[in-house]
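>>> Have a look; sequence and predicted model below, questions after that.
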Amino acid sequence: MADLSVQIHDLHLKNPVTTASGTFAYGEEFIDFIDVNKLGGIFVKGLTLENREGNPYPRMAETSSGMLNSVGLQNKGIDHFVNVIYPRIKHFDTHIIPNVNGFTIEDYVKVTEKLNELEDIKAIELNISCPNVKEGGMAFGIKRTSAVAATTAVRKACKKTLIVKLSPNVTDIADMARAVVDAGADAVSLVNTFLGMAIDAGKRKPVLATVTGGLSGPAIKPIALRMVWEVYKAVSVPVIGIGGIMNATDAIEFMLAGATAIQVGTANFIDPRVSVQIVDGINDYLEKNNFTSVHQLIGALET
Amino acid sequence: MADLSVQIHDLHLKNPVTTASGTFAYGEEFIDFIDVNKLGGIFVKGLTLENREGNPYPRMAETSSGMLNSVGLQNKGIDHFVNVIYPRIKHFDTHIIPNVNGFTIEDYVKVTEKLNELEDIKAIELNISCPNVKEGGMAFGIKRTSAVAATTAVRKACKKTLIVKLSPNVTDIADMARAVVDAGADAVSLVNTFLGMAIDAGKRKPVLATVTGGLSGPAIKPIALRMVWEVYKAVSVPVIGIGGIMNATDAIEFMLAGATAIQVGTANFIDPRVSVQIVDGINDYLEKNNFTSVHQLIGALET
Amino acid sequence: MKRIEDFTVIGHHWLNYENFLIELEAPEELPDIRAGNFAEVLLKNSPGTFLRRPFSIFEVDKEKNSLTFYIKVIGKGTRYLGKLRKGEKLNIIYPLGNAFSNPYHDKVLMVGGGSGIAPFVLLGRQLREKGIRMTFLFGGREKDNILMTERFEEFGKVFVTTEDGSVGEKGLVTQHSILAKRPLEYGMIYTCGPDPMMKAIAHIAKQHQIPCEVSLENTMACGIGACLCCIVETNTGNKCVCTDGPVFNVNDLTWQT
Amino acid sequence: MKRIEDFTVIGHHWLNYENFLIELEAPEELPDIRAGNFAEVLLKNSPGTFLRRPFSIFEVDKEKNSLTFYIKVIGKGTRYLGKLRKGEKLNIIYPLGNAFSNPYHDKVLMVGGGSGIAPFVLLGRQLREKGIRMTFLFGGREKDNILMTERFEEFGKVFVTTEDGSVGEKGLVTQHSILAKRPLEYGMIYTCGPDPMMKAIAHIAKQHQIPCEVSLENTMACGIGACLCCIVETNTGNKCVCTDGPVFNVNDLTWQT
Ligand SMILES: Cc1cc2nc3c(=O)[nH]c(=O)nc-3n(C[C@H](O)[C@H](O)[C@H](O)COP(=O)(O)OP(=O)(O)OC[C@H]3O[C@@H](n4cnc5c(N)ncnc54)[C@H](O)[C@@H]3O)c2cc1C
Ligand SMILES: Cc1cc2nc3c(=O)[nH]c(=O)nc-3n(C[C@H](O)[C@H](O)[C@H](O)COP(=O)(O)OP(=O)(O)OC[C@H]3O[C@@H](n4cnc5c(N)ncnc54)[C@H](O)[C@@H]3O)c2cc1C
Ligand SMILES: Cc1cc2nc3c(=O)[nH]c(=O)nc-3n(C[C@H](O)[C@H](O)[C@H](O)COP(=O)(O)O)c2cc1C
Ligand SMILES: Cc1cc2nc3c(=O)[nH]c(=O)nc-3n(C[C@H](O)[C@H](O)[C@H](O)COP(=O)(O)O)c2cc1C
Ligand code: FES
Ligand code: FES
């Protein structure tokens, strides 16, 4: 067994494989299929200050090697998480990392403060990149000034490791990464979904009720991989790679491009066992190539 | 037979189906397979002022529902086009639309001027979005000021219908479209390829010699479609839709989102007959739905 | 407990040009399956599809340790399933979703259209054990859409409508003469099929104050409550069709019926 | 003239665990095909592949109106082709590329590795008609990589090397004793296989001033000269392997041999 453990600032992960926010619910939905304690971490479904019903149905469209979603941060609000969900999942022997959302900077800060109180939470992911809400979300993440403002405010409020999740819908993701790191991010995760759209040619209508949605899945992998590589070269904090990871080979590609850890998203829908299979697959790769530690992969791309 | 003809400023196309630059060479490569005269137009391979050998091999990587290329504008230069290729293809009973590239604004202007002399050329496509060259190309297309500068200069030099091809690698494509239209573009075409990357996990090396390349094919369709829709709402000039169009249904989706015409790119590699099949497919759709003109589709999405 | 397992195709039977039955043998002893439960099927070798596809469990054969699905060809995924041969493997997540509830008294009506009749064989068997009397009403555009009525005759009387009158009464299910009887005496109406049909039936049920359960077929990405894509609006907020459903009491839905 | 046609699989034969022959019947009378020509095969129902795949034409049977390909399993696409059954259709663009040229005098050597031997059956037949004497030298890692030597014995003598010595001489093709003869008397050396092998052979050819043609297997997106992805550097600039090649005289390439 190779050493798979990695460090994201103060957060020690037993392995680099985590699950992406919004694709793994609160982890409980997967215990019939896998031992979630084998994961490096679980980024749980996006939280907001108040209860949110999210966007109307239909919220999903299948695309070539991908899918669009317009869930729109449906969740029961931070208090429900703190009082009901957290007690239920805190015993997991893996890191639970809440995904923090807001429509104003105040929202972000308030959610962050409530999470400070939770002992078993060691890190939070600040989501300034959700494309499925009209205000807040991606609107913060595609402008340098607002991305910096949100990060600065949350940094001040946050007593945990702060991971900022970047939107890929920008001209210069490296610049964005630099900006949030300068504003206090301990790590960055990328990418969130790409803003996309699907049309039903027969009905001459959009497939999604909200017209546009977020594209995820293997379709976006080449772009996500490029962005991770650019960000890896631009910042000195750990990078968490996300985007179309379907198997261990994909995960290894992201690590070679510079990711210290990775998140498995849409792939959980295709096979709920895949995240744990990726842990095993990375270990197999390391052993086959006579590497003793997963660190030997991080940024090891020969260019 | 429904009326398929569309107008892109002064350019009258017999139907909205054209082929994308760099995926159809100069059209001659396809005459064994189809009657190219049935097309609305042919956007020929990107031209530069001087002969260019392009980037080193390997230049191609297959990805999920797409491909990366890093051809890098290999071509024999504008004079070769004017003297050798143009005479060979000008008799085609379809519009030949050169794709104009440069590394400086001067380059763009010079190429444009040489094309002014060619009687059978009614329009040019200004490519400020090639991701595969170090200078020029996409560097122009992702910054508002340089996009405007290039368009303004070429507009001044150009006696033909001027189509500006936009890069999708930007935060706000509608803003970019508005900028180039204000600077004199008669139409916009989008999207060019997305900057992406592929890694060979076994060799721990990039697949492409240039590390990054341009992503095309159905993988990008949802994003391209969204961008066409955003641009259609933002500008009053015709929009030419591009990105992962594989069949008539895809083409119709782009037209519903606001495209007056479309370009078929990577699909030509999968089936060299596809462009003409799309012409027929659009006609079938119109007849089946009792439309008399393809104009009834343009921007007809019910949202 | 949900399972993920590789099943083997042991039967494949086309009913007509667009509907087929596919029987799959389980690798382990089947768990209990209730009427309304569905499965998420992975289309591993199907080009052009990406996500799993949900299908109601049509039939359970404990002896053969098999599940049967009744599938209508809609697009790429169902077309692929239609071409499978015996011996091929299919990865399946099951049993998913909730189940139909027992009726408030001993006479029930089940209204189905298209592949919406799929859950009614299991439901019929379940209710027969409880001694419930059942009536079935199936509708379709034409004769070709009315299939397997004989499968239901063992449970109760089967009525049919077609829009073109090619079999049964002419018209929509909602216009069938059995629904014109006054009083309409059913302890429950169960319905599954196209949305407009279900809504019209729900409307009739409401008028007659008959409890009504619908089985929804919302598009799903995961089927296990992880993505929140499949929601339906209820009086207590959005609910997941895959975990809180697919069966809902229409009174809980915000449907304008 | 290039064609695009739907062929039918009429033969499929595994040579060992990773190599197979697949025979395809043409829908129309076959055109003339020259040694070196290749085809671009559409993998329509293969999940996970997107572009066509290029393969050399291994055999042409005018009577059966069929083409045969000799394929080594490399990844998804070739694995899919390995599973096809008789009767299935494959869309093919062919004949593509240039051809081997005739030798300057009547004795030639063909050096192949792996699936690189594919074009040599047609070349053998072509040269036999011209009365050329041929020698074949095939190399591989082990016995399992040396296949179908008997197919070539009708054209000339066949020599073999394997890295582990399990068949033929032990070592690389370049170390085979027939290449140690002085003077090396061939009017032409033809080679196709892994890049390092071709480069080493080209080096030997150069030393002995023997003309040498290589058949390249660059990755291709279109195969018809439309994408410019498949280029190789030549003394007169980048050339497309799919249209200017796949056969090149090594003297035209900028290879450091
Ligand atoms: C809980 C549940 C149980 C089901 N049980 C059955 C069953 O027993 N038998 C059966 O034949 N079908 C059943 N369905 C429907 C079945 O899942 C779809 O027909 C199938 O997924 C279509 O896949 P496809 O790849 O063939 O079509 P696609 O290519 O995915 O779709 C073709 C077209 O149909 C539309 N479409 C596809 N699925 C749906 C949907 N669920 N709602 C609205 N529009 C849709 C798509 O948007 C597209 O326009 C059930 C669905 C659910 C959610
Ligand atoms: C003109 C020409 C003639 C050919 N003739 C034959 C033949 O007769 N028989 C035969 O078996 N093969 C032949 N090949 C090679 C064949 O095209 C590839 O093996 C095939 O495309 C691999 O497809 P795949 O989907 O199985 O592998 P993929 O899944 O596409 O690739 C698997 C791995 O192999 C690499 N790879 C794939 N193709 C190539 C390549 N051409 N060069 C370098 N790396 C590659 C990929 O990058 C990847 O890492 C020929 C190639 C060319 C260009
Ligand atoms: C259905 C769905 C819901 C999502 N919800 C969230 C969310 O609440 N917060 C968030 O930061 N990202 C969310 N995402 C984005 C994913 O976490 C991930 O960044 C993205 O899907 C790309 O990774 P993938 O291609 O592996 O899925 C969601 C994605 C999907 C598909
Ligand atoms: C191999 C290749 C070469 C290309 N060369 C050019 C070019 O020279 N000029 C240009 O404007 N676009 C070029 N493109 C981009 C296409 O014209 C088109 O914008 C892009 O491929 C998206 O469309 P598609 O998904 O239908 O291929 C090229 C694309 C490919 C795949
Ligand atoms: S389909 Fe994912 S939550 Fe229901
Ligand atoms: S493969 Fe496209 S030009 Fe050769």
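Sure, I can see it. Residues are numbered from 1 along each chain as shown, chains lettered A, B, ... in the order given. Ligands and ions are numbered 1, 2, ... in the order given.

>>> I'd assumed residue A:265 was in contact with residue A:274.
No. Counting by CB atoms under 8 Å, residue A:274 does not reach residue A:265; the two are 10.3 Å apart. (C-beta placed from N, C-alpha, C; glycine too.)

>>> Single out the residue in the stretch 1-150 of chain C that lies closest to ligand 6.
residue C:47 (22.1 Å; CB to the nearest ligand atom).

>>> What helix or strand is that residue located in?
Using DSSP states H and E, residue C:47 maps to neither a helix nor a strand.

>>> Excluding chain neighbours, what is closest to it?
Nearest non-adjacent residue to residue C:47, counting by CB to CB, 6 or more residues apart in numbering or on different chains: residue D:47, 4.8 Å away.

>>> Return the residues in contact with the one you found.
C:44-47, D:76 (CB atoms under 8 Å, 6 or more residues apart in numbering or on different chains).

>>> If we use 10 Å, what do you get?
C:43-50, C:80, D:76, D:80 (CB atoms under 10 Å, 6 or more residues apart in numbering or on different chains).

>>> can you tell me how far it sits from ligand 2?
12 Å (CB to the nearest ligand atom, to the nearest Å).

>>> about what we covered before: overlap of the contact sets of residue A:274 and residue A:265?
Contacts common to residue A:274 and residue A:265, judged by CB under 10 Å, 6+ apart, are A:19, A:245-246.

>>> picking that back up, when residue A:274 and residue A:265 are compared, which one has more neighbours?
residue A:265 (27 against 22; other CB atoms under 10 Å in any protein chain shown).

>>> In contact with the closest residue to chain B within the stretch 51-200 of chain C, which residues?
Here the residue of the stretch 51-200 of chain C nearest chain B is residue C:75; by CB to the nearest CB that distance is 11.8 Å. Contacts for residue C:75 were tallied using CB under 10 Å, 6+ apart; they are A:62, C:48-49, C:53.

>>> Quick one: which of those residues is the most crowded by neighbours?
residue C:53 (24 neighbours).

>>> wouldn't that one be in contact with residue C:80 here?
Yes. If you go by CB atoms under 10 Å, residue C:53 and residue C:80 touch, sitting 9.2 Å apart.

>>> anything in contact with each of the two?
With CB under 10 Å, 6+ apart as the test, residue C:53 and residue C:80 both reach C:41, C:43, C:46.

>>> Quick check, residue C:193 in contact with residue C:56.
No. Using CB under 10 Å, residue C:193 is not in contact with residue C:56; the gap is 11.4 Å.

>>> For the helix or strand of chain A with the lowest mean pLDDT, buried residues please.
One helix or strand of chain A scores below all others by mean pLDDT, DSSP states H and E: helix A:138-141, with a mean of 82. For helix A:138-141, a neighbour-count test (16 or more other CB atoms under 10 Å in any protein chain shown) marks A:138-141 as buried.

>>> Show residues contacting that helix.
With CB under 10 Å, 6+ apart, helix A:138-141 has contacts from A:101-105, A:108, A:126-133, A:146-151, A:164-170, A:176, A:180, A:190, A:192-193, A:195, A:214, B:171.

>>> Start from the N-terminal end of the stretch 1-150 of chain A and give the strands.
Ranges of strands within the stretch 1-150 of chain A are A:6-8, A:11-13, A:17-19, A:41-43, A:60-63, A:66-69, A:95-97, A:99-100, A:123-127, based on DSSP state E, counting those that start in this stretch.

>>> got the residues of the stretch 101-250 of chain C near ligand 1?
C:115, C:118, C:217-220, C:246 (CB under 6 Å from any ligand atom).

>>> just to revisit the earlier point, which of the contacts of residue D:47 has the most neighbours?
Neighbour max across the contacts of residue D:47 (other CB under 10 Å) = residue C:50, 24 neighbours.

>>> separation between it and residue A:60?
11 Å (CB to CB, to the nearest Å).

>>> which residues do those two both contact?
A:67, A:269, C:221.

>>> which of the residues you listed lies closest to residue D:166?
residue A:269 (47.5 Å; CB to CB).

>>> isn't there a strand covering the closest one?
No. Under DSSP: H, G, I helix; E, B strand; the rest coil, residue A:269 sits outside any strand and is assigned helix.
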